[in-house]
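**Q** Need coordinates for the following:
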Amino acid sequence: MKHVLWLFLSGVALATACQAKVDGTAMHEGGAGTAGSDAGGGTGGNTPGSIDLQCSQSQLGSPVLRLLTATEFSNTVSDIFPQVKGSWTNSLPANSVSAFGFANDSSAVVGPQLAQAMLDTATSVATAVTGTALNTILPCAASTPDRTCADTFVTQFGRRLFRRPLAAAEHDRYLTFFDSALAKSDFKTALKWVLVGLIQSPNAVYRSEIGTLASDGTRSLTPDEVATEFAYTFTGTTPTDALLTQAESGGSVDVVALAKSLLATDQGKLTLQRFFEAYLNYTQVGSAQRANVASFDTLRNDMVQETRAFIDQVVVQNHGGLKDLLTANTTNPSIALASYYGFPAPASDYASVARPAGRGIGLLAQGSILAGRALPTSSSPTQRGLLVFSRFLCETKPTPPPNVPPPPTVMLGTVTTRQRYEQQHATGGCANCHRLFDPIGFGLEHFDEGGRYRADEGGLPINTVSDVPKSDATPLFQFQDEETLSQGLADQTLVYQCFAAYMATYAYGTSESCLGASRVADLKAGTIGIADYFASLAAEPHFVKRAAGQ
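**A** Coordinates of the predicted model:
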């Protein structure tokens with residue numbers, strides 16, 4: 001019966017399919033993306049990412065349907081049905097991620113694998129909801145389990161799942177199906193399959209950002225679409241009843257104040273943390289192996305938590321800006337990790353401590369980043385340099401040329417890592433690419449593959465004097481070590497433009513150009529912090545409007 005019902009529900013739930021029509025023209029939700037992690041099995045292309053930083057003013061992006069990520073889907077169901085949280089199985093597979101590392105890419109669509117997983121997950125949720133918790137979730141099920149009670153369920157939970165009131169035709173289709181299923185089963189079974197259909201509907205699994213055509217030729221998002229935009233952008237979950245009601249009331253609201261209030265919640269703080277985890281990918285250190293570094297296996301997850309606590313301290317608690325994040329002279333290790341680094345012990349695990357002088361500053365001195373971008377038995381100027389090259393300068397790594405010859409053999413222990421890289425990457429096809437980012441990584445060579453400071457490398461002196469090259473190989477600026485590298489980055493307008501573009505890409509799920517340009521100068525000047533800049537994206541034209549479409 002399961003597959004028969006799935007065929008029927010496909011007609012009910014997937015009536016709008018995976019396309020939307022704008023002014024009679026099919027709008028395809030396709031675009032760039034790369035296979036990766038977190039969201040839910042959507043599909044996408046595999047094109048390198050590039051970000052336009054030359055923005056004179058903020059623009060409008062395209063109208064889209066945005067597939068919920070697996071995290072958003074799980075949060076949504078848990079918030080709508082908290083009574084059964086933990087009693088259903090989320091079978092959604094890993095999502096595609098964009099070329100920028102984010103799992104909420106608006107190009108993702110439902111493929112066969114995800115469709116089956118959604119059926120399995122929806123069935124598990126519906127089974128839990130219509131089990132012993134049903135009388136709590138739907139009180140009339142205990143006293144009057146009839147069509148009127150089913151009507152209450154469809155109206156109440158259809159609105160929460162679709163993030164808008166159901167249209168009359170939609171409402172009637174679900175009740176008609178309830179009648180048909182009830183004739184062959186019982187109240188709970190019929191209601192279960194109605195809920196399976198609601199959960200799988202494109203109206204539930206996609207966020208609508210299409211709006212209605214305005215007189216100026218743009219598309220204005222509906223109040224319910226705006227409420228949905230607020231909720232998922234700033235809390236990573238579905239809008240509450242109160243937020244939907246507020247939107248539908250038509251009253252005016254201070255959009256930035258609302259965004260800040262949402263970011264101040266636990267879910268809002270987690271949404272900010274997810275940005276940094278995807279932007280920097282520092283959690284990869286949790287699976288790294290460093291055979292020559294004592295205690296690394298037992299402390300690598302402490303490094304992840306250290307960086308989370310550091311970001312929370314600087315960005316959330318202190319309302320700091322990007323300069324603060326790059327140049328802070330504090331960090332937040334566990335007591336064991338502080339001992340590993342040779343730092344003073346914090347008052348408690350992950351409390352803030354001052355870094356010893358000369359032992360690095362800011363984000364680039366975090367153990368998770370340094371150890372996460374290293375080789376099993378040595379540091380990696382290439383990997384570390386590429387982080388700055390792509391994430392702070394918004395440059396795209398060139399495609400390696402074909403038939404690159406193997407690097408020359410260098411006896412380990414006779415030269416430093418920097419000298420080895422300079423010899424191996426100095427000539428031939430390697431040089432054209434590595435000259436752009438290896439010099440940046442040289443500035444981090446006082447930190448070994450385990451993320452610890454080292455005064456020398458096996459008795460050999462370490463040279464960290466280098467520069468940040470421009471595309472023509474001339475220096476953007478020169479530096480002496482990690483500290484002056486971080487301070488130099490904090491002085492570059494380009495770095496703030498790049499960071500803001502990444503944050504807008506994360507918020508809006510698209511890399512369309514110049515959607516969040518209005519407050520970049522304020523971010524650079526330090527008059528607003530990172531969290532405030534993120535909240536300010538609610539005041540951008542793109543947050544409530546879209547270009548007319550195609």
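
**Q** residues in contact with the nearest residue to residue 530 once chain neighbours are set aside?
**A** With sequence-adjacent residues excluded and distances taken as CB to CB, 6 or more residues apart in numbering, residue 530 is closest to residue 315, at 4.8 Å. The C-beta positions use only the backbone N, C-alpha and C, and glycine is treated the same way. The contact partners of residue 315, by CB atoms under 8 Å, 6 or more residues apart in numbering, come to 272, 325, 529, 530, 531.

**Q** Check the gap between the closest residue to residue 442 other than its chain neighbours and residue 488 for me.
**A** Nearest residue to residue 442, sequence neighbours excluded (CB to CB, 6+ apart): residue 466, at 4.2 Å. Per CB to CB, to the nearest Å, residue 466 is found 11 Å from residue 488.

**Q** between those two, which one's more packed in?
**A** Legend: neighbour count by other CB atoms under 10 Å for residue 466 and residue 488, higher for residue 466 (24 against 19).

**Q** is that one in a bridge, and if so with what?
**A** residue 479 (DSSP bridges).

**Q** on that earlier part again, any chance of JSON lines for the contacts of residue 315, columns neighbour count, secondary structure and pLDDT?
**A** What follows is the contacts of residue 315, written out as JSON lines (neighbours: other CB atoms under 10 Å; DSSP: H, G, I helix; E, B strand; the rest coil; pLDDT from 0 to 100):
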{"residue": "272", "neighbour count": "21", "secondary structure": "helix", "pLDDT": "97"}
{"residue": "325", "neighbour count": "22", "secondary structure": "helix", "pLDDT": "98"}
{"residue": "529", "neighbour count": "22", "secondary structure": "coil", "pLDDT": "98"}
{"residue": "530", "neighbour count": "24", "secondary structure": "helix", "pLDDT": "98"}
{"residue": "531", "neighbour count": "23", "secondary structure": "helix", "pLDDT": "98"}
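
**Q** So which of the residues you listed is the closest to residue 92?
**A** Comparing the contacts of residue 315 against residue 92 with CB to CB places residue 272 closest, at 23.3 Å.

**Q** The closest one against residue 263, yeah?
**A** Yes. Using CB atoms under 8 Å, residue 272 is in contact with residue 263, at 6.6 Å.

**Q** Which strands or helices does the helix or strand encompassing residue 542 pack on?
**A** Residue 542 belongs to helix 541-544 when assigned by DSSP states H and E. Using 3 or more CB pairs under 8 Å, 6 or more residues apart in numbering; DSSP states H and E as the contact test, the elements touching helix 541-544 are helix 223-235.

**Q** what does the helix holding residue 542 rub up against?
**A** Residues from elsewhere that reach helix 541-544 (CB under 8 Å, 6+ apart): 58-61, 220-221, 226, 229, 233, 255, 508, 515-516, 537.

**Q** out of these, who's nearest residue 495?
**A** residue 516 (15.6 Å).

**Q** For burial, what's the neighbour tally of the closest one?
**A** Residue 516 - counted by other CB under 10 Å - has 27 other residues nearby.

**Q** That one contacts residue 507, doesn't it?
**A** Yes. Counting by CB under 8 Å, residue 516 does reach residue 507; the two are 7.1 Å apart.

**Q** So for the two, which residues contact both of them?
**A** Residues within reach of residue 516 and of residue 507 at once, by CB under 8 Å, 6+ apart, are residue 537.

**Q** where's the nearest residue to residue 520 once chain neighbours are set aside, which helix or strand?
**A** Nearest non-adjacent residue to residue 520, counting by CB to CB, 6+ apart: residue 500, 4.6 Å away. Using DSSP H and E, residue 500 maps to helix 493-508.

**Q** any shared contact partners between residue 466 and residue 488?
**A** Counting by CB under 8 Å, 6+ apart, the contacts common to residue 466 and residue 488 are 478, 479.

**Q** In the chain, what helix or strand scores lowest on average pLDDT?
**A** Every helix and strand of the chain was ranked by mean pLDDT, DSSP states H and E. The lowest is strand 25-28, at a mean of 25.

**Q** how's the protein carved up into domains?
**A** 2-18+31-47+65-205, 272-493 (automatic domain parsing).

**Q** Around residue 249, count how many other residues there are.
**A** Residue 249 has 9 neighbours, counted by other CB under 10 Å.

**Q** Between the two ends of stretch 288-299, what distance do you get?
**A** The first and last residues of stretch 288-299 sit 11 Å apart, counting by CA to CA, to the nearest Å.
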